[in-house]
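Asker: Structure for the following, please:
(2 chains)
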Amino acid sequence: MATTPPVIPPLAPNATFLDTNELIINMGPQHPSTHGVLRVILKLDGERILGTECVIGYLHRGVEKIAENRTYTQFAPYVDRMDYVAAVSNGLGYCETIEKLLNVEAPPRARFVRTILTELNRISSHLLWLGTHAIDLGAITPLFYCFREREEILKIFENYCGARLTTHAFRIGGLQYETYDGFDQQVRAFCNQFMEKIAEYETLLTGNRIWLERTKGVGILTAAEAIDFSVTGPLLRASGVKFDLRKAQPYAAYSEVDFDIPVGENGDTFDRYVVRMEEMRQSIRIARQCLDKLPEGPVMAKVPKIMKPPVGEVYHAIEAPKGELGYHVVSDGSTQPYRIRVRPPSLINLQALDRMVRGLLVADVVAVIGTIDIVLGEVDR
Amino acid sequence: MPTIPAAIEPFIWPFVYGAVILLVFPLLAGYIVLLERKVMADIQVRLGPMRVGPHGLLQPLADALKLLIKEDIIPTLSDKWIFWISPIISVVTALVAVFLIPMSDKLPVPDTNIGLLLVLSLTSVGILGIILGGWSSNSNYPLLGALRSTAQLVSYEIALSFALIGGLMLAGTLSLQGIVMAQKEQAIWFVFFQPVAFVIYFIAALAETNRAPFDMPEAESEIVAGYHTEFSGFRFALYFLAEYANIVIVCSIMTILFLGGWLRPFPNVAALEFLNFAPALVLLGLGGACLIGLDRKPSKPQKLGMIGLGGAFILAGLACLLPPVMEAVHGLFWFMLKVFMGVYTFIWIRFTLPRYRYDQLMNIGWRWLIPLAIANVIVTGIVMQREQIFAALGF
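Answerer: Numbering: from 1, shown residues only, chains lettered A, B, ... in the order given. Reported below is the predicted structural model:
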């Protein structure tokens, strides 16, 4: 095999040997810490980052196009495959959007159960984020503790609907299944033990000097920039903007429970860490209140077997673990949607990456990718 | 039996010992890897390797075999000669340094009057293997890894050496055997005289061996596998061996200079003579533990494996009770115990702490450790010469 010599870009005519080239390296799509198949092209001066460019699409499956060839009911399981670590939230957003289009409302019991499962899902999504974020920063062990607790949540999902990851837990109009015997006790037991476990993670990380040095002041996003980039979710709240769709446009049973929205001050990686940790505690609080108030009654509203929503369009957004997850559904009156457009929080939050890492070091890129908390299934769809 | 010429005679036992190191040390390194995986698993609420042999005890052999029969890849665009020789540089220097370490007073280790200096120089030359390996791969991630290694190892070597000087001033010799004997004569481990130097040495040693929280050169979440990204199969195994050999070396130097080498605790107190039975007791205890846990093993082969293991431990323990064997073994036992406590701490730290960033690492090295180490040397000098200083000042 003929060998080709390495291509070295020519230096400027009056350059000396002290002048250095910029180094362009590819991070991903097969890199241990780009959380899947994200490819980031880094332009480096030594280890300092001059610019980045994200190349996405390695996990593109055409979910939105598939929707146009499926009925409304048939498409519901597909949304679970977008943000696969928060499948319940995706399902909730889709079901509520179609309910809005059909002008039906899920019965109260269904709304409360949905809220419980969605909050548990938020915790499991945040646990995955915490574990991988810590591993990106070199702390290998928290991942296993996080997965231990995540397993408990997945067991609850499995007991409820038979699936662990891509759950398809909800149906348009409510729930297919009534809660199983012992649901209440299992969720309560989880809530109780989780509050102790979260304190355990904090002893490993929150006060750790190395953790503080690696996260404080890294990847700063000011409130104005965050709004300009239209980032949502914990990123936006860590920048000091108190915006949460669960309070701003309450859906499911959120208007009937009491919880706080944690906000940060500096908008750095550490604030985002603190905000997410506090969000997990608030999720426990919401789940407990929902269990206390869980009404009796049917879990399924009356929806036609063959759904033909009236001509029109609707946009509905929920607060997914990663930010605002919106569905824009256009109906032409047939059994299949004319167009479904998903507003994926991961994709839009990822756009702030370049702004956040410019001028930092290579090690900070993985910290910032970790703190944005992307899921490539949702970025590419 | 033919008589051995007097010119060769002193070299025979060191030569045999060197051959034994060459054969046994890779195995020991393999078992340190197993220890690391087991401790990691324990910290991470898992079991770790359990399948190959009882409690995964044959895992290192399986791993070595796997690495040996893997395809040997040399990247097309690499600088082939340098790529070929750089893991060899690393592993040869590391093994020679291991050979020079007196693990016991009974071993035929050459006693040179520059022993410590020689070991340090050899580990410094070993860094060349890392730099050249990363550079010759002609690939971006290894290049970044090699650059980081160079900067990190060069700067931490300064702190490491200054920390050692504190201990050397007390010992008054560079001979490794001499340092241990000095601690016996002064009847104290130097760690109690030099706690600051000990801490600085430990931190610098973590950085020097590329261990967390200073494992930048091979930070896998950032630059994949660092300098050895392009190495595969046996070449990778050589780097791996060199890395673990370096861990043993820094822990051994720590043991020799600060923790009394092969001496048992309180070597001059005759009342504690019974501590010489410790190796036998530990081996017997291990054997007993194997046999007690026997009925928790589900299958017959596992039971037989445990019986074999327990029997071997008990036989070795009984052998250690014989006076000549005990005499030969207890120095090695105490030395290994101290070294492995160091290794265990390395592993423990690795799985507890996050990783420092490259610039923060440099800050710690240059702004904290090096000035502190120099200050420690100065203070040690002043304290040692206090009488002359007081006299000169007219007290």
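Asker: From chain A, how far out is B:E157?
Answerer: In this view, B:E157 and chain A are 21 Å apart by C-beta to the nearest C-beta, to the nearest Å. C-beta: built from backbone N, CA, C; applies to glycine.
Asker: Look at that residue and say how many residues are nearby.
Answerer: Per other C-beta atoms under 10 Å in any protein chain shown, the neighbour tally for B:E157 reads 18.
Asker: so which helix or strand takes in it?
Answerer: Using DSSP states H and E, the element containing B:E157 is helix B:140-171.
Asker: buried stuff in that helix?
Answerer: B:140-153, B:155-171 (16 or more other C-beta atoms under 10 Å in any protein chain shown).
Asker: Per-residue pLDDT of the closest residue to chain A within the stretch 251-395 of chain B, please?
Answerer: Nearest residue of the stretch 251-395 of chain B to chain A: B:R355, at 2.5 Å (C-beta to the nearest C-beta). Note for B:R355: predicted pLDDT of 84.
Asker: cool, and B:A270?
Answerer: Reported pLDDT for B:A270: 70.
Asker: From B:W262, how far off is it?
Answerer: 18 Å (C-beta to C-beta, to the nearest Å).
Asker: B:L65 too?
Answerer: Counting by C-beta to C-beta, the gap from B:L65 to B:W262 is 34 Å.
Asker: ranges for the helices of the stretch 201-350 of chain B?
Answerer: Assigned by DSSP state H, counting those that start in this stretch, the stretch 201-350 of chain B shows helices spanning B:220-223, B:233-258, B:278-292, B:300-321, B:323-350.
Asker: related to what we said a few turns ago, leaving out chain neighbours, which residue sits closest to the residue of the stretch 251-395 of chain B closest to chain A?
Answerer: A:G138 (2.5 Å; C-beta to C-beta, 6 or more residues apart in numbering or on different chains).
Asker: surely the one you found meets B:I349?
Answerer: No - here A:G138 does not reach B:I349: they are 11.3 Å apart, not a contact under C-beta atoms under 8 Å.
Asker: Of the two, which one has the most company?
Answerer: Set side by side, A:G138 and B:I349 show more neighbours around A:G138, with 27 against 16, by other C-beta under 10 Å.
Asker: what sits against A:K216?
Answerer: Residues near A:K216 by C-beta atoms under 8 Å, 6 or more residues apart in numbering or on different chains: A:N266, A:D268, A:T269, A:F270.
Asker: State the distance from the spatially most central residue of chain A to A:P345.
Answerer: Centroid check for chain A by C-alpha atoms, centre = their mean gives A:K322 as the closest residue, at 3.0 Å. Distance, A:K322 to A:P345, by C-beta to C-beta: 4 Å.
Asker: What of A:I116?
Answerer: With C-beta to C-beta as the criterion, A:I116 and A:P345 are 22 Å apart.
Asker: out of these two, which sits in the busier spot?
Answerer: Neighbours were counted for A:I116 and for A:P345 using other C-beta under 10 Å; A:P345 has more, 32 against 27.
Asker: surely B:I21 meets B:A97?
Answerer: No - applying C-beta under 8 Å as the test, B:I21 and B:A97 come out as separate, 10.4 Å apart.
Asker: Which of the two has more residues huddled nearby?
Answerer: A side-by-side neighbour count of B:I21 and B:A97, using other C-beta under 10 Å, places B:A97 first with 24 against 21.
Asker: nearest spatial neighbour of the more buried one, skipping sequence neighbours?
Answerer: B:L122 (4.2 Å).
Asker: What's the local residue count around that neighbour?
Answerer: With other C-beta under 10 Å as criterion, B:L122 counts 19.
Asker: for A:E47, same thing?
Answerer: Neighbour tally, A:E47, other C-beta under 10 Å: 21.
Asker: tell me the contacts of it?
Answerer: Applying C-beta under 8 Å, 6+ apart, the residues near A:E47 are A:L361, A:V362, A:A363, B:L144, B:R148, B:Y358.
Asker: Quick one: the helices in the stretch 251-381 of chain A, in order.
Answerer: Using DSSP H, counting those that start in this stretch, helices in the stretch 251-381 of chain A cover A:269-293, A:345-350, A:353-357, A:362-372, A:376-380.
Asker: ditto for the stretch 51-200 of chain B
Answerer: B:59-68, B:80-100, B:115-136, B:140-171, B:176-186, B:190-193, B:195-208.
Asker: pLDDT weak spots in chain B?
Answerer: Low-confidence segments of chain B (pLDDT under 70): B:1-2, B:216-225, B:271, B:395.
Asker: Wondering if the lengthiest helix in it reaches chain A at all.
Answerer: If you go by DSSP state H, chain B has its longest helix at helix B:9-43. Yes - for a cut-off given as C-beta under 8 Å from any C-beta of the partner chain, helix B:9-43 has contacts with chain A, namely B:M40, B:I43.
Asker: Tell me what angle the one helix or strand A:E196 maps to forms with helix A:269-293.
Answerer: For A:E196, the enclosing helix or strand under DSSP H and E is helix A:183-205. For helix A:183-205 against helix A:269-293, the angle by axes from the mean of the first three to the mean of the last three C-alpha atoms, to 10 degrees is 160 degrees.
Asker: ok so, going back, so for B:L65 and B:W262, which sits in the more crowded spot?
Answerer: Applying other C-beta under 10 Å to B:L65 and B:W262 shows that B:W262 carries more neighbours, namely 24 against 10.
Asker: So what's the residue count around the nearest residue to the more buried one once chain neighbours are set aside?
Answerer: Residue nearest to B:W262 in three dimensions, not counting chain neighbours: B:G331, with 3.7 Å by C-beta to C-beta, 6+ apart. Residues lying near B:G331 (other C-beta under 10 Å) number 22.
Asker: Next one: B:G331 relative to B:M254, how far apart?
Answerer: Noted for B:G331: a distance of 17 Å to B:M254, by C-beta to C-beta.
Asker: Please name the residues that touch A:Q185.
Answerer: A:Q185 touches nothing, counting by C-beta under 8 Å, 6+ apart.
Asker: Distance check, A:F270 against A:A352.
Answerer: 17 Å.
Asker: cool, and B:G134?
Answerer: 33 Å.
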